[in-house]
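>>> Pasted the sequence and its predicted model underneath.
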Amino acid sequence: MQAAPVRATAIPSFTDALRAVESLLMSGGQRTARRNAWTSVLEDRRRAKDRFEAERVLERTPVPHL
């Protein structure tokens, strides 16, 4: 008697599981709005980081005396 082949099934990540639940609960428009909102959050964070780095450079730049 031959043993049955073992099949490896990938376990979905937490993010994959959340996306699956989200797709069941939300319509396409809501999903798009949520994704756009998250993209805006990430962009705001990037701009804040750039602003902080620019302030650091300006603080370290010597000011010429007139």
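Happy to help now that I have it.
>>> Next SSE downstream of the lowest-mean-pLDDT helix or strand in the chain?
When the helices and strands of the chain are compared on mean pLDDT, DSSP states H and E, helix 14-25 comes out lowest with a mean of 82. Using DSSP states H and E, the helix or strand that directly follows helix 14-25 along the chain is helix 28-60.
>>> Check which helices and strands that following helix is in contact with.
helix 14-25 (3 or more C-beta pairs under 8 Å, 6 or more residues apart in numbering; DSSP states H and E). The way it works is simple: take the backbone N, C-alpha and C, and place the C-beta from them, glycine included.
>>> Okay, angle between the helix it packs on and helix 28-60 too, please.
Per axes from the mean of the first three to the mean of the last three C-alpha atoms, to 10 degrees, the angle that helix 14-25 makes with helix 28-60 is 140 degrees.
>>> got the end-to-end distance for stretch 18-34?
13 Å (C-alpha to C-alpha, to the nearest Å).
>>> Which positions in it come out as buried?
Buried residues in stretch 18-34, counted by 16 or more other C-beta atoms under 10 Å: none are found.
>>> Give me the below-cutoff pLDDT ranges for this structure.
Where the chain drops to pLDDT under 70, the residues are 1-4, 6, 8.
>>> related to what we said a few turns ago, which elements pack onto the least confident helix or strand of the chain?
The contact analysis (3+ C-beta pairs under 8 Å, 6+ apart) places helix 14-25 against helix 28-60.
>>> if we can go back for a sec, quick one: the least confident helix or strand of the chain to chain centroid distance?
15 Å (C-alpha atoms, centre = their mean, to the nearest Å).
>>> got the contact list for it?
12, 31, 34 (C-beta atoms under 8 Å, 6 or more residues apart in numbering).
>>> hmm, 10 Å instead?
Here helix 14-25 makes contact (C-beta atoms under 10 Å, 6 or more residues apart in numbering) with 10-13, 30-31, 34-35.
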